[in-house]
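Asker: My questions concern the predicted model and sequence given below.
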Amino acid sequence: MSLLTGPGREHLNGHKDETLHNDIVLVKPKKEVFVPLNNGSSTKVDVYVNEGDKVFVGTLLARRNDHFNVPIYSPVSGVVGAKKNMMHSVLKPQEHLIIEDDGKYEKVESFKPLDYTTATHDELVNFMMEAGIVGCGGAGFPSYLKYKKPENINTLIINAVECEPYITADYRFTKESLEDTVLGVKALLKMSTAPKAIVAIKKTKKELIAQLKEAFKTESNIQVFETPDVYPMGWERTLVYEYCKKRYNRLPSEIGIIVNNITTAIAFARSLKYGEGIVEKVVTFSGDGLKNPTNVRVPYGTKVSEVVAQIGGYSSEDVLVIAGGPMMGKTIPTDEFVITNYTNAITILKNNPVEAMECMRCGRCNDACPAGLLPVRINNAEKMKDINWMTQLRADQCIECGLCTYVCPSKIDVTEGVRRAKRALALKKG
Amino acid sequence: MKFNFRVSPNYRTPLSTQRIMTELTVGIALVLAYSVYFYFTKLGADYGIHALLMILTALGTSIVVEVLWALFYKKNIWKHLNTSFPWVTALLYVGMMGVNKPLYVIFIGSFIAIFIGKLVFGGFGHNIFNPAGVGRAVSVLSFGGFITDKFADVVTGATPNQVMETLGWVIKDPAVVTKYLDQFGGLWSLATGGYVGGLGETNTLLILAVGIYLAVRKIIDWRVPVVFLGSLFAFASILAAMKGMGIWYPVFHMVTGGAMFGAIFMMTDPVTSPTSIPGRILFAFGVALLTFLIRIKGSLPEGVIRSILFMNMMTPLIDRAFDGWAFEKVKKYAISLTVIGALGFLTVGVFANQVDYIAPVVEEEPVVTINLKGEPVVISQQTSPTAVIVSEVADGDVTTFVVNINGYAFQSDHSDDPKPNTLEVKINTATQVIESVAYVTFSDSKNIGDKTNSDVFLSQFVGVSIVDETASVDVVSGATITSQSVVKAVNAAIAAALD
């Protein structure tokens, strides 16, 4: 019904070529890493090590222990230092555990590897939880929850769309880990209980599509699904709708679908094979604020400033440092924050402020909204502080994809207005 | 190193409101340029220059008003102009005005469009009504009859829709259809601007081409013109089918009365139309329905702009009606639009049933008797003009009387300062026969009274005996009052000759 609701998507200039064709560069922290003692919005983390303890790559440092269970493994070998409050990519200061890097990268097995072909469903779910596998699309949501009680799942969608501009981390990482990709997808497919899986990828990525097809050619129940080159194709709802033209209320499992990021699948494969959690990440460092946009493989907990310095530095004195892509990533007003184990990109842009003008009510934001909202109306409601109106307009459904701000010809921060409305609704509810 | 903070997203489309307005301006300018070319080549340099002056007047006025506004509110002038786009309003406004309009009407209209239509509401983005539409509505309502004297002949040419109105919006007889369309050069000429009308409204196909370009460039939403033109075409087709008219009829509705201009340039004005897609569809459908009903049943020949202004007023209501979460409500939207659409078509069906061909009334020419006592001549209920003999010169048997008589101009408010007509009546006193009747000076209403200044009318008097109490002449149709005033003047001369 896009005739009545608008396309809900938009082709963006991807700026992918800056990093698409170059190999991943290995980057090491200078002297210490800072392990964030949080997971998502939760800071309820039990720490198991003390200052002065010797740790190895893979040593269990802490565990998120509320309604979710997420272990935190050491990214480097060295000595545990003090705790430090510092800026985090969620744009709030968080407690970090300092680990002095001895530069040796001595590894321990965090847990026993597992043969997924013989393991039971429950074993696999527990294993995934124990491995600390989180969604690597950028949100960091614990993955095991999706597979806990699969019911009537008909399709597993492996999300390799990577629709945000500048980001090519999934692309490069998948290209360099095709074997692990196959293993990871097959393991996830087994856990999902679905009869088939699809690997969704933008049709413009011809080279990788060919490689994936080759890699999966013996797997009749795993297909490559080519999507249009639009934003936000990688958002769960947009992707699911593109695949089966169905919408769901809260979770895709309602209509028999589980969606997981391809990097998550690879990370899961590595944990099955080597008994390691996500201790290093492939991260795209891109944007016109960098001299040499590069994909780096880096132990998580490494400071952004150190990575930037090692890949050639900034190209401008006046920049925006964005944790994530330019659409959804938060601007962090410093480069003294660390790569987390679900960071997929750091985008650094030259600071080119734009001046907003009066809204002309053109409705482009309404047509573009992938969540079917009316951002201009929500902005009006928010300006009037009319809670009932905001509720009627379902501001709570916003995913802050940023497309409304992107399309606004008057250069208004439309998304921010919706975000405020969403917050107001959340406050009222809470 | 400076690390800035800005809320996400930090990525924006290159498309700006400035660029949207620039492309729109180029589109309208192209349409206006065609008109200027048409006037220069088909009607002469006078018309072309006047059309250009109209455009410049509108542009100048609107920009000056905005600059004064910016000065008054101590705003940066360049920045204000660059975010207010007065030239778009000016070009749209002048595009809807005929070439015969005096420049002061354009000046007043542009001022009203910008000031009343836009600035008093708070400027760009806040106005309720389409500013150009406001300017045009005021110009037509308040200055409809104000025309540039030297272009009087063009003025009078009734628009295709005005003529259609007199025929009841139904023509079944193919011969009449051909005759009707031929006076405007046929359907093709109507579609390509081969006739005189609003500066930018006549060349439908050119506007359509510009519209397609703008829609492809996503400057305008294609749904609005498509729904409007599609609905109007469907309505006209219903009427055509009911009355047995051909395909020419719906096409005629597309190519006249500024339908295309309104569809591409006026209805797509984002500020005054709904923000949601179902809202815009309803908006365009509403304009089409109102336009069609005003055309076939209203007292006005044309209704596109009035319908747009009315639907502008409905915009907040429509926006409110479609507030909500599209994913949840899309079915409801589809159903309600279908229901409203069906009701609209039903309404059109009911009204279309009521219209029918009105044969042009062949006025029965009243016979006025030249009567010595002057009794039957009744010029109007209000005043009966008195003929004044200015001079009486006898040259042998022929006496020449110069008579002043008030014509139609005195009966109407057509002129602020009416002057009497002066006639020269020659009477042979020997044979007691009228030799000739002629105008010395004609000061009466153009296009009405001046019809009496013709051989056909005046020659009727020649040879009439001044003692024949039953002699009569036929009045000129459409100029009865002036005809009668001439008779009265002749009567006065006869009375003087018999004295």
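Answerer: Received, thanks. Residues are numbered from 1 along each chain as shown, chains lettered A, B, ... in the order given.
Asker: how does the chain divide up, domain by domain?
Answerer: Since you didn't name a chain, this refers to chain A. A:27-110+A:281-350, A:133-274, A:359-429 (automatic domain parsing).
Asker: actually it's chain B I care about, not the one you picked
Answerer: Split by automatic domain parsing, chain B gives B:15-155, B:158-195+B:203-361, B:367-498.
Asker: Please tabulate these in a markdown table and include mean pLDDT and mean neighbour count as additional columns.
Answerer: Backbone N, C-alpha and C define where each C-beta goes, glycine included. Listed next are the domains of chain B as a markdown table, based on pLDDT from 0 to 100; neighbours: other C-beta atoms under 10 Å in any protein chain shown:
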| stretch | mean pLDDT | mean neighbour count |
| --- | --- | --- |
| domain B:15-155 | 91 | 19 |
| domain B:158-195+B:203-361 | 91 | 19 |
| domain B:367-498 | 75 | 18 |
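Asker: still on that earlier bit, now the domains of chain A as a markdown table including mean neighbour count and mean pLDDT?
Answerer: Formatted as a markdown table, the domains of chain A follow (neighbours: other C-beta atoms under 10 Å in any protein chain shown; pLDDT from 0 to 100):
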| stretch | mean neighbour count | mean pLDDT |
| --- | --- | --- |
| domain A:27-110+A:281-350 | 20 | 92 |
| domain A:133-274 | 20 | 92 |
| domain A:359-429 | 22 | 95 |
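Asker: would JSON lines of the domains of chain B with distance to chain A be doable?
Answerer: Output for the domains of chain B, formatted as JSON lines (distance: least, C-beta to the nearest C-beta, whole Å):
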{"stretch": "domain B:15-155", "distance to chain A": "4"}
{"stretch": "domain B:158-195+B:203-361", "distance to chain A": "4"}
{"stretch": "domain B:367-498", "distance to chain A": "43"}
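Asker: So which residues on the stretch 51-200 of chain A come close to chain B?
Answerer: Residues of the stretch 51-200 of chain A lying close to chain B (C-beta under 8 Å from any C-beta of the partner chain) are A:P165.
Asker: Give me the secondary structure label for the residue of the stretch 51-200 of chain A found nearest chain B.
Answerer: Residue nearest to chain B within the stretch 51-200 of chain A: A:P165 (6.0 Å; C-beta to the nearest C-beta). Using DSSP: H, G, I helix; E, B strand; the rest coil, the secondary structure recorded for A:P165 is coil.
Asker: now the strands for the stretch 1-150 of chain B?
Answerer: For the stretch 1-150 of chain B, strands defined by DSSP state E, counting those that start in this stretch occupy the ranges B:2-4.
Asker: Nearest to chain A within it, name that residue for me.
Answerer: For the stretch 1-150 of chain B, C-beta to the nearest C-beta, closest residue to chain A: B:P9, 3.0 Å.
Asker: Phi first, then psi, for that residue.
Answerer: Backbone geometry at B:P9, expressed as degrees, to the nearest 10, gives phi -80, psi 160.
Asker: Can you give me the neighbour number for it?
Answerer: 26 (other C-beta atoms under 10 Å in any protein chain shown).
Asker: Also the one 3 residues further on?
Answerer: The burial count assigned to B:R12 is 17, neighbours taken as other C-beta under 10 Å.
Asker: right, and it touches A:P409 too?
Answerer: No: if you go by C-beta atoms under 8 Å, B:R12 and A:P409 don't touch, sitting 9.2 Å apart.
Asker: Overlap in contacts, the two.
Answerer: Listed contacts common to B:R12 and A:P409 are nil; contacts here mean C-beta atoms under 8 Å, 6 or more residues apart in numbering or on different chains.
Asker: ok, back up a step: make JSON lines out of the domains of chain A and add distance to B:A352.
Answerer: Converted to JSON lines, these look like this (distance: least, C-beta to C-beta, whole Å):
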{"stretch": "domain A:27-110+A:281-350", "distance to B:A352": "52"}
{"stretch": "domain A:133-274", "distance to B:A352": "40"}
{"stretch": "domain A:359-429", "distance to B:A352": "33"}
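Asker: To B:A113, which of those lies closest?
Answerer: domain A:359-429 (16.9 Å; C-beta to C-beta).
Asker: what's the distance between that closest one and the middle of its chain?
Answerer: Mean-position distance between domain A:359-429 and its chain equals 23 Å (C-alpha atoms, centre = their mean, to the nearest Å).
Asker: Check which helix or strand residue 307 maps to.
Answerer: Picking chain A for this. helix A:304-310 (DSSP states H and E).
Asker: That was the other one, I meant chain B.
Answerer: helix B:304-321.
Asker: Now do that helix: which elements does it pack against?
Answerer: In terms of contacts (3 or more C-beta pairs under 8 Å, 6 or more residues apart in numbering or on different chains; DSSP states H and E), helix B:304-321 is packed against helix B:131-143, helix B:277-297.
Asker: same for the last one, what does it pack against?
Answerer: Helix B:277-297 makes packing contacts with helix A:2-5, helix B:160-166, helix B:223-243, helix B:304-321, helix B:326-354 when contacts are defined by 3+ C-beta pairs under 8 Å, 6+ apart.
Asker: Send me it as CSV with only the CA atoms.
Answerer: Provided in CSV are the C-alpha atoms of helix B:277-297 (Å, rounded to 0.1, in the frame of the first residue of the first chain):
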residue,chain,number,x,y,z
ILE,B,277,-0.6,11.1,1.2
PRO,B,278,-4.2,10.1,1.8
GLY,B,279,-4.8,13.7,2.7
ARG,B,280,-3.3,15.0,-0.5
ILE,B,281,-5.4,12.5,-2.5
LEU,B,282,-8.6,13.6,-0.8
PHE,B,283,-7.6,17.3,-1.3
ALA,B,284,-7.1,16.8,-5.0
PHE,B,285,-10.3,14.9,-5.3
GLY,B,286,-12.2,17.6,-3.5
VAL,B,287,-10.8,20.3,-5.8
ALA,B,288,-11.8,18.2,-8.8
LEU,B,289,-15.4,17.6,-7.5
LEU,B,290,-15.9,21.3,-6.6
THR,B,291,-14.4,22.5,-9.9
PHE,B,292,-16.7,20.3,-11.9
LEU,B,293,-19.8,21.2,-9.9
ILE,B,294,-19.0,24.9,-10.1
ARG,B,295,-18.6,24.6,-13.8
ILE,B,296,-21.8,22.7,-14.6
LYS,B,297,-24.1,24.0,-11.9
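Asker: which residues does the residue in the stretch 101-250 of chain A positioned nearest to chain B contact?
Answerer: Of all residues in the stretch 101-250 of chain A, A:R247 sits closest to chain B, at 5.6 Å by C-beta to the nearest C-beta. A:R247 is in contact with A:237, A:240-241, B:327, counting by C-beta under 8 Å, 6+ apart.
Asker: so what's A:L272 up against?
Answerer: A:113-116, A:127, A:183-184, A:187.
Asker: need the next SSE after the helix or strand containing it, C-terminal direction.
Answerer: Assigned by DSSP H and E, A:L272 belongs to helix A:262-274. Next in sequence after helix A:262-274, counting helices and strands by DSSP H and E, comes strand A:280-286.
Asker: Could you list the paired strands of that following strand along with their orientation?
Answerer: Under the criterion DSSP bridges, strand A:280-286 sits next to strand A:294-299 (antiparallel), strand A:345-350 (parallel) in its sheet.
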